[in-house]
Each structure stands twice: as structure tokens, then as C-alpha cells.
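Visitor: here is a sequence with its predicted model. Questions after.
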Amino acid sequence: MNLYREEYIVVDLETTGLSPIKGHEIIEIGVTEIKSDKITLNYSRLIKPKSIIPTQITQITNISNDMVENEKTLEEVLPKFREYLGNRTLVAHNAKFDLSFLNYYLEKMGLEKITNYICTFELLKINKKYSAKKRNLGTACEYYGIELVNAHRADADTLATAKLFLKIREELDG
């Protein structure tokens, strides 16, 4: 696994549930860019789902139906996101989850699936220096002294994941 590239795109999604196959949708995409080992950009975009956002999801994410009412749909956002990502390496914490949504909807739209990725959750498994019992983002950030403000919002989670990735990579080098 090559952990040294010029550029990475750290991605996090907020969704209406746990499975795109069950009709759950993406309601926020967050991105943090890492260029030459520096964080250069951090933003997120809300997405208007076809169905309403369940109350329990609003409680977790603080994303309400009113907030997404005038936002673009996934059909408008995802093709531009895929083009933006290009062949750069995607980084995510628990990438299997985010990729299950991204690749499901990319395939539905006839767009190229994402196969070039690094998962910080999986990196923690192989990092012998990581001694915390859990590998969730909150625990890992606490372990490394990374501030995670506004957890379960995509821009905050990608910023924390980007910092986490750089810390883990540094430890794996040592």
C-alpha cells in the first residue's frame, strides 16, 4: 500500500441510514484535500434527498429537512464530485461504509466506481503503536490529541480524518 502520494481527497458522508440498498440516501458530502502533506481545503455540501430525513438522523447529524430543502440533488452533485475526485486517492475512516454509498449511486448513474482508496480505520489495525481498544473516529482522535468539533458533520469528520491519516502514516514510518 502506497501511503505517499502528492494529493489525497479525504471524504465523509452523512446519510439517512446505513444501507443504500435499503433506499438510504446521501445528505452531505464532506471533503478535505491534502496536498504535499498539507491540508489545503475543507468543505461540505448538503444534498437534498428524495425522502425525508428520519428524526434520529437529524438528532445525530443536526441536518434537518429544512436545511436540505433548497439544496441540489445527488444526481446533480455526484457526477461533479466523481469528476473532481478523478484518479486521486480517496481517504476515509471506515471507507467501506462511504464507498458502499458512493459506489452504489455511481453505478446507478453509470459513472466509474471508486477503487483507489485508503481507510484510516484499517490503518489503525496494522499500526502496532496504536493501543486504544476502539478504532472509531472519536476514539482515534482522542488518542492522537486531534480535536473533533461537530462530529457527524462531514466537513468536521473529514478534517479530523485528514489529521488522523497524517499521524498514522507518520507512526507507520517510525
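Guide: Received, thanks. Numbering: from 1, shown residues only.

Visitor: the nearest residue to Leu18 once chain neighbours are set aside and Pro54: what is the separation?
Guide: Computed as Cβ to Cβ, 6 or more residues apart in numbering, the closest residue to Leu18 that is not its neighbour in sequence is His24, at 6.4 Å. C-beta coordinates here come from the backbone N, C-alpha and C atoms, glycine included. The gap separating His24 from Pro54 is 9 Å, by Cβ to Cβ, to the nearest Å.

Visitor: and Ile34, backbone torsions?
Guide: phi -120, psi 120 (degrees, to the nearest 10).

Visitor: pull the longest helix from this protein.
Guide: Across the chain, the longest stretch assigned as helix under DSSP state H is helix 154-173.

Visitor: just for the chain, where's the confidence low?
Guide: 1 (pLDDT under 70).

Visitor: tell me where it has strands.
Guide: Counting by DSSP state E, the chain has strands at residues 7-15, 26-35, 38-46, 89-92, 117-119.

Visitor: so the second one versus strand 7-15, what angle?
Guide: When you say that, I think you mean strand 26-35. Comparing the axes of strand 26-35 and strand 7-15 via axes from the mean of the first three to the mean of the last three Cα atoms, to 10 degrees yields an angle of 160 degrees.

Visitor: what helices or strands is strand 26-35 leaning on?
Guide: strand 7-15, strand 38-46, helix 55-61, helix 74-85, helix 95-108, helix 154-173 (3 or more Cβ pairs under 8 Å, 6 or more residues apart in numbering; DSSP states H and E).

Visitor: mind doing that once more with 10 Å?
Guide: Packing partners of strand 26-35 (3 or more Cβ pairs under 10 Å, 6 or more residues apart in numbering; DSSP states H and E): strand 7-15, strand 38-46, helix 55-61, helix 65-68, helix 74-85, strand 89-92, helix 95-108, helix 154-173.

Visitor: the ones you listed into CSV, with extra columns for mean neighbour count and distance to Leu148?
Guide: Below are those laid out as CSV (neighbours: other Cβ atoms under 10 Å; distance: least, Cβ to Cβ, whole Å):
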stretch, mean neighbour count, distance to Leu148
strand 7-15, 23, 12
strand 38-46, 15, 13
helix 55-61, 14, 14
helix 65-68, 14, 21
helix 74-85, 15, 23
strand 89-92, 23, 15
helix 95-108, 18, 17
helix 154-173, 21, 4
